[in-house]
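[1] one predicted model, sequence on top.
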Amino acid sequence: MIVHPELRRAARHARRPLLAATLLQGAVTLTYLAQAVLLALALAGLARGDTGRLPWLLAGVLAVVAARAELALWQRRTATRAGARARVALRDELLAHLGRLGPAYLTTARAGAVRTTLVDGVEGVDAYVSRYLPQLLVTLAVPPLVLAVLVVVEPRALLGLVPALLLALLGPRAWDRLLAARGKEHWDTYEGLGADYLEALQGMPALRAAGAVGRTRARLEERSAALHRATVAKLRVSLVDTGITDLAIQGGTAAAALLACWSAVTGSTTAAGTYLVLLLASECFRPVRDHAREWHAGYLGVSAADGLASLRTSVPAVPDTATAPAHWHTPPELSFHSVRFTYDGADAPALDGVSFTARAGRTTAIVGPSGAGKSTLLALLLRHHDPQEGRITLDGRPTTEYALDSLRQGIAVVSQETYLFHATIADNLRLARPDATDDELTRAARAAGIHDEIAALPDGYATLLGERGATLSGGQRQRLALARALLSDAPVLVLDEATSSVDERREADIVRELLNEVGGRTVLVVAHRLAAVRSADRIVVLDAGRVDAVGDHTGLVDAGGVYTRLVEAGRAHRGELAA
Ligand SMILES: Nc1ncnc2c1ncn2[C@@H]1O[C@H](COP(=O)(O)OP(=O)(O)OP(=O)(O)O)[C@@H](O)[C@H]1O
């Protein structure tokens, strides 16, 4: 009988259907009691040789059975609705919270574990809410009612029933803590296995390339064996629990039957009373038996409750309390003002005193060697983290003053790791703007240099893509993601190594075409390869978390320094490739 606060909270979303399901469950149980009473009266009549009322009593039994079938169906439907409501509300809440937690959360949590919590954990809550909770309430209400009836009929029967009921209900409570601990152990192992499998599946090409498939399989087998051990340990405790309940039920029923027979022999009760005790004693334990059965259905929810609570209460890396909408009428100016940011646990800041301005409606490039802080700078702009010092402004207003969702919608990002979905090319493009016309799709695809390739496919824009766009080349995926970003109305466009998989000959053309197409938006381009940034209005050179220089391509080359070294390194690299 574990009522975890997280599960109680989830049940609140379905208060009304849950109450209806509980009342209906109570009504189903009452039909068993009515059937017992009718049968006791019929049997007592038979014992006396009085069969006059027998047809009516048996007709009554049939009516009760029919009513129960109807009520049980209704109860199951209502309970399913209650479970679905709790499940949907909880999943929506968790998904919305995950959105607030942002990508920063997934640098510490494992995607597979989050998936297990969101899918299997929430399903467990459904079973707990729809099956276990109504039965628990009925179990607490019905046996006292039966005892109250039996007090009137044959009080001595209570001598057997009350201790047995107490043992059946309270005995297993001694195991609750152990049961909860085993459940948590089982859940943690299950979550870990889910995370390992997802990682292994996603990383299969890397595992193959490293010759690590066998080792990974062995690790997964060991994980599976650990899950099996955790399941058996959990079952063992659960079976002790069930065993005590069964023992109490059998013992209590037998004791009540013996006491009823004793009453009949001594003549202290009527025949009807004896049959009533015999039949009601068994009915008294029916809810307890059903409770034990439903407990197993709801146990997954109990095991997952801690994981659900910890996901739901995880604190986002940045607060989302501001309300200003990021609806700029003209493209905004973007400025970093003395921004300093150090990752948790890092010794040195990733950005230190970074100041620059990306002019409204112009293209600004951010370049710098690996580890210079380019990705960190973008993560701060999108508020995946907030800087410890300094501020970032858009249209003169600190980013912290905009509502987070609105801010992120106002900035379209195309990153090196594109994400395409198992849907048609057109659907993938329309993610950015569901109401985009076919002409607009074509125009965006043309600007991103992918239209001709799409048009050459047998199904054109209706071509179904593999998961994560697996049926396309890396360069094609990037160009589709570019087209998607072009379709969005976001006034700020961030291209983070967005053309790194496109061959260098086409890169300069695509970037030029792209910048024509986005004309009027504030664009930030981050790229290693300088062909992608040469045409930017302004280039900011980052080095070791600081701004080394700001200028245009020619000025920066003339000035020497980090930018010149990057240009030379690029030339040397191209030379090596050509050789
Ligand atoms: N999540 C993190 N936790 C701790 N340190 C981090 C984290 N992410 C990045 N860093 C560190 O911050 C510094 C800047 O990294 P960042 O990824 O911003 O550089 P970058 O210029 O984008 O590099 P690259 O061009 O290789 O992508 C590096 O020293 C990096 O090791």
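    Sure thing, it's come through.

[2] up against the ligand, what does the chain have?
    With CB under 6 Å from any ligand atom as the criterion, the chain meets the ligand at residues 107, 343, 346, 350, 368, 370-376. Any C-beta I mention is one placed from the backbone N, CA and C, and that applies to glycine too.

[3] give me the residues contacting stretch 189-196.
    In this structure, residues lying in contact with stretch 189-196 by CB atoms under 8 Å, 6 or more residues apart in numbering are 110-113, 115-117, 120, 219-220, 223-224, 226-227, 230, 307.

[4] tell me how far it lies from the chain's centre.
    14 Å (CA atoms, centre = their mean, to the nearest Å).

[5] same deal with stretch 352-360?
    37 Å.

[6] give me the contact list for that stretch.
    Residues contacting stretch 352-360 (CB under 8 Å, 6+ apart): 330-340, 364, 373, 377, 390, 395, 522, 524, 537-538, 540, 542, 545-547, 550.

[7] about what we covered before: from the contacts of stretch 189-196, which would you call buried?
    Neighbour-count burial (16 or more other CB atoms under 10 Å) applied to those gives 110, 112-113, 115-117, 120, 223, 226-227, 230, 307.

[8] circling back to that earlier point, which ones among the contacts of stretch 189-196 map onto helices?
    Judged by DSSP state H, the subset of these located in helices is 111-113, 115-116, 219-220, 223-224, 226-227, 230, 307.

[9] the ligand: which of those is nearest?
    Nearest to the ligand out of those is residue 111 (CB to the nearest ligand atom; 15.5 Å).

[10] burial of the residue lying closest to the closest one once chain neighbours are set aside, as a residue count?
    In space, and not counting its chain neighbours, residue 111 is closest to residue 198: 6.1 Å by CB to CB, 6 or more residues apart in numbering. Applying other CB atoms under 10 Å, we find 17 residues neighbouring residue 198.

[11] distance of residue 198 from residue 372?
    Residue 198 sits 32 Å away from residue 372, going by CB to CB, to the nearest Å.

[12] now residue 364, what's its secondary structure?
    strand (DSSP: H, G, I helix; E, B strand; the rest coil).

[13] same thing with residue 489?
    Secondary structure state of residue 489, per three-state DSSP, is coil.

[14] residue 356 too?
    Per three-state DSSP, residue 356 ends up strand.

[15] picking up where we left off before, for the residue nearest to residue 111, give its distance to residue 113.
    Separation of residue 198 from residue 113 (CB to CB): 9 Å.

[16] what is the burial count for residue 282?
    Neighbour count of residue 282, defined by other CB under 10 Å: 18.

[17] which residue packs closest to the spatially most central residue of the chain, ignoring adjacent ones?
    For the chain, the residue nearest the mean C-alpha position is residue 118 (2.6 Å; CA atoms, centre = their mean). Nearest in space to residue 118, with sequence neighbours left out and distances taken as CB to CB, 6+ apart, is residue 94 at 5.9 Å.

[18] how about residue 193, phi and psi?
    phi -60, psi -40 (degrees, to the nearest 10).

[19] just residue 278 next, same as before
    The phi/psi pair for residue 278 (degrees, to the nearest 10) is phi -60, psi -50.

[20] what's around it, how many residues?
    Neighbour number of residue 278 under other CB under 10 Å is 20.

[21] contacts only, for it.
    40, 256-257, 260.

[22] repeat the analysis, applying 10 Å as the threshold.
    Residue 278 makes contact with 36, 39-40, 43, 157, 253, 256-257, 260-261, 264, according to CB atoms under 10 Å, 6 or more residues apart in numbering.

[23] distance of it relative to residue 390?
    Residue 278 sits 82 Å away from residue 390, going by CB to CB.

[24] what about burial for the residues of the chain next to the ligand, which qualify?
    The buried subset of the residues of the chain next to the ligand - by 16+ other CB under 10 Å - is 350, 368, 372-376.

[25] state the pair within the residues you listed that is farthest apart.
    350 and 368 (11.7 Å; CB to CB).

[26] how does the chain divide into domains?
    5-313, 318-410+524-579 (automatic domain parsing).

[27] now the last one: how far from the chain's centre is it?
    Between the mean C-alpha point of domain 318-410+524-579 and the mean C-alpha point of its chain there is a distance of 33 Å (CA atoms, centre = their mean).

[28] and if you look at stretch 465-481?
    That offset, for stretch 465-481, works out to 26 Å (CA atoms, centre = their mean).

[29] compute the first-to-last residue distance for that stretch.
    13 Å (CA to CA, to the nearest Å).

[30] quick one: mean pLDDT for it?
    With pLDDT averaged residue by residue, stretch 465-481 scores 76.

[31] buried set for it?
    Residues of stretch 465-481 classed as buried by neighbour count (16+ other CB under 10 Å): 465, 469, 472, 475-481.

[32] from the buried ones among the contacts of stretch 189-196, which has minimum pLDDT?
    residue 110 (79).

[33] OK, contacts around that one?
    So residue 110 contacts 116, 191-192, 194-196, 198-199 (CB under 10 Å, 6+ apart).

[34] turn those into CSV, including secondary structure.
    Formatted as CSV, the contacts of residue 110 follow (three-state DSSP):
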residue, secondary structure
116, helix
191, helix
192, helix
194, helix
195, helix
196, helix
198, helix
199, helix
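
[35] shaky segments in the stretch 51-200 of the chain?
    Within the stretch 51-200 of the chain, the segments meeting pLDDT under 70 span 107.

[36] tell me which stretches of it form helices.
    For the stretch 51-200 of the chain, the helices defined by DSSP state H, counting those that start in this stretch occupy 54-105, 111-116, 122-127, 133-153, 157-170, 176-202.

[37] just want the angle from the fifth one to helix 133-153.
    Angle, helix 157-170 to helix 133-153, by axes from the mean of the first three to the mean of the last three CA atoms, to 10 degrees: 160 degrees.

[38] helices and strands around helix 157-170, which ones?
    Contacts defined by 3 or more CB pairs under 10 Å, 6 or more residues apart in numbering; DSSP states H and E place helix 157-170 against helix 133-153, helix 213-266, helix 271-313.

[39] okay, the angle between the longest one and helix 271-313?
    Which is helix 213-266. Going by the same axes, to 10 degrees, helix 213-266 makes 150 degrees with helix 271-313.

[40] what's the farthest-apart pair in the residues of the chain next to the ligand?
    The widest separation within those (CB to CB) is 21.5 Å, between 107 and 368.

[41] just to revisit the earlier point, show the buried residues in the contacts of stretch 352-360.
    Buried among these (16+ other CB under 10 Å): 331-337, 339, 364, 373, 377, 390, 395, 522, 524, 538, 540, 542, 545-547.

[42] those residues in strands, which ones?
    Here DSSP state E is the test, and the buried ones among the contacts of stretch 352-360 give 334-337, 339, 364, 390, 522, 524, 538, 540, 542, 546-547 as lying in strands.

[43] identify the farthest-apart pair in those residues.
    522 and 546 (23.0 Å).

[44] re the thing from before, make TSV from the buried ones among the residues of the chain next to the ligand and add pLDDT to it.
    Listed next are those as TSV, based on pLDDT from 0 to 100:
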residue	pLDDT
350	95
368	89
372	91
373	93
374	92
375	90
376	93
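
[45] residue 457: which of the domains of the chain is closest?
    domain 5-313 (24.1 Å).

[46] for that closest one, measure first residue to last.
    13 Å.

[47] residues in contact with residue 201?
    112, 207.

[48] against the ligand, how distant is it?
    Distance of residue 201 to the ligand, given as CB to the nearest ligand atom, to the nearest Å: 24 Å.

[49] ok, that residue to residue 421 distance?
    For residue 201 relative to residue 421 (CB to CB), the value is 17 Å.

[50] repeat for residue 23
    In terms of CB to CB, residue 23 sits 44 Å off from residue 421.

[51] of these two, who's got more company?
    The neighbour count for residue 23 versus residue 421, taken as other CB under 10 Å, is higher for residue 23 (15 against 12).

[52] if we can go back for a sec, looking at the buried ones among the contacts of stretch 189-196, which one is closest to residue 564?
    Set against residue 564, the nearest of the buried ones among the contacts of stretch 189-196 by CB to CB is residue 110 (42.5 Å).
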